[in-house]
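>>> Here's my sequence, what's the structure:
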Amino acid sequence: MAEVVISTSAVNSYGSRVLTAGINFKQYKKNPIVLFMHNRPWRGTTDEYLPIGKMQNLRVEDDKLLGEIIFDENDEYAVKIQKKFENGFLNMVSAGLDIVELSDDPAYLLPGQTRFTIKKSKLREVSVVDIGSNDEALRLYENNEIIELSANGDCKISLLKDDVSINKDELKMKELLLKLGLPETATEAEALAKLEELNLKAQTADELATQIANEKNARIVSLVDQAVKEEKITADKKEIFLSIGKNSGIEALEATFGAMQPAVRPAEIIGGKKPVEEKTGDVGVKLADMSWDELDRQEKLVELKEKNFELFKLKYKEEFGVDYKELKSLK
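From the prediction side, this is the model:
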């Protein structure tokens with residue numbers, strides 16, 4: 001048993017090619033004969049040209065038509081071919097195909113192709129050959145007339161017209177032009193100008209995003225500095241509130257400072273001034289300045305959580321080194 005590549009979609013030496021995906025081998029599998037050099041007895045030869053084996057495990061993988069030859073070991077001539085194949089004196093096989101459909105569609109053309117693509121075909125037989133490859137060993141049939149793509153063979157497949165002899169690079173260029181929003185007829189200079197325009201727009205977008213981010217950071221710093229100035233927080237707490245602004249946004253930071261009251265100095269109390277009372281739902285500077293342990297000892301954690309959840313989460317992470325999860329309960 002020998003594993004072989006029967007055909008691929010590569011361009012052959014005559015400038016044509018057979019699409020592997022278009023090869024129909026359903027009927028062939030019912031009578032999967034293997035010949036030698038595409039020869040059959042009806043051509044006036046002796047019975048040594050009877051089938052020398054059969055093909056099994058016929059399949060398509062990676063654009064290759066593959067199969068396994070089982071030689072007829074009860075046929076002296078077939079065994080002779082088998083030994084040459086197994087010993088490396090014969091290495092190739094060739095597909096005998098009936099042409100079903102030819103196409104000059106540029107979508108099926110490859111660089112260097114000058115003849116029609118055999119889009120659909122029917123597998124008639126497979127042969128062991130002395131000179132093989134897609135370039136030289138295919139045997140094709142059209143209206144029962146043999147078209148040999150073999151050494152010194154005559155290829156009768158029509159040549160392509162000049163206006164359809166197009167390669168894949170040109171197809172890719174057209175596709176690129178369409179993606180750029182340009183017509184297929186656009187020049188290389190126009191394509192380069194469009195790419196430069198798109199690159200400029202992308203650069204501008206990046207610069208705008210950076211500008212917005214810088215303005216946001218400046219606003220956060222300004223809010224924190226103002227809170228220190230108004231004595232709503234102490235200077236050593238600046239980093240805490242800068243983090244709140246960066247992680248939760250400017251609105252959350254403004255809401256936090258809006259809920260705070262300036263610190264009350266002892267002189268104001270001695271002078272008869274009363275501290276400003278906290279409104280319901282507010283969190284004064286007293287809670288903001290307390291550590292987690294102080295809040296816990298004074299049973300203020302629940303109050304802080306209800307009044308300023310962002311500050312509560314920040315203090316939680318400072319204390320335990322992980323983000324707060326709602327599943328955790330406070331007692």
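>>> Let me see the backbone angles for residue 127.
Backbone torsions of residue 127, given as degrees, to the nearest 10, read phi -120, psi 150.
>>> Around it, count how many other residues there are.
Other residues near residue 127 come to 23 when the count uses other CB atoms under 10 Å. Quick note: C-beta positions are derived from backbone N, CA and C, even for glycine.
>>> ok, now the one 4 residues further on?
The burial metric for residue 131, expressed as a neighbour count using other CB under 10 Å, is 14.
>>> can you confirm it is in a helix?
No. Secondary structure of residue 131, determined by DSSP: H, G, I helix; E, B strand; the rest coil: coil, with no helix assignment.
>>> would residue 222 count as being in a strand?
No. Remark: residue 222 does not belong to a strand; assigned using three-state DSSP, it is helix.
>>> Three-state assignment for the spatially closest residue to residue 114 that is not a sequence neighbour, please.
Distance criterion CB to CB, 6 or more residues apart in numbering; nearest residue to residue 114, sequence neighbours excluded, is residue 15 at 3.3 Å. Using three-state DSSP as the criterion, the local structure at residue 15 reads coil.
>>> Find the residue ranges of the chain scoring beneath the pLDDT cut-off.
In the predicted model of the chain, residues 1, 13, 41-48, 132-172, 263-285, 326-331 satisfy pLDDT under 70.
>>> can you give me the strands for it?
Using DSSP state E, the strands of the chain run over 2-8, 17-18, 23-24, 33-36, 53-61, 64-71, 92-103, 117-129, 137-142, 145-150.
>>> closest one to residue 317 among the ones you listed?
Each of the strands of the chain was checked against residue 317 via CB to CB, and the shortest separation belongs to strand 53-61, namely 55.3 Å.
>>> Remind me what that closest one packs against, helices and strands.
Applying 3 or more CB pairs under 8 Å, 6 or more residues apart in numbering; DSSP states H and E, one finds that strand 53-61 contacts strand 33-36, strand 64-71.
>>> just checking, what packs against the longest one?
Under the contact criterion of 3+ CB pairs under 8 Å, 6+ apart, the helices and strands touching strand 64-71 comprise strand 2-8, strand 53-61, helix 76-86, strand 117-129.
>>> Between those, which one is closest to residue 29.
In terms of CB to CB, the element of the helices and strands packed on strand 64-71 nearest to residue 29 is strand 53-61, at 6.0 Å.
>>> before we move on, back to that, mind listing what the residue nearest to residue 114 touches?
Contacts of residue 15 were listed using CB atoms under 8 Å, 6 or more residues apart in numbering, and they are 112, 113, 114, 115, 159.
>>> deepest of the helices and strands packed on strand 64-71, which one?
strand 117-129 (a mean of 22; mean count of other CB atoms under 10 Å).
>>> now the angle from that one to helix 76-86?
Here strand 117-129 points in a direction 110 degrees away from that of helix 76-86 (axes from the mean of the first three to the mean of the last three CA atoms, to 10 degrees).
>>> Okay then, goodbye and thanks.
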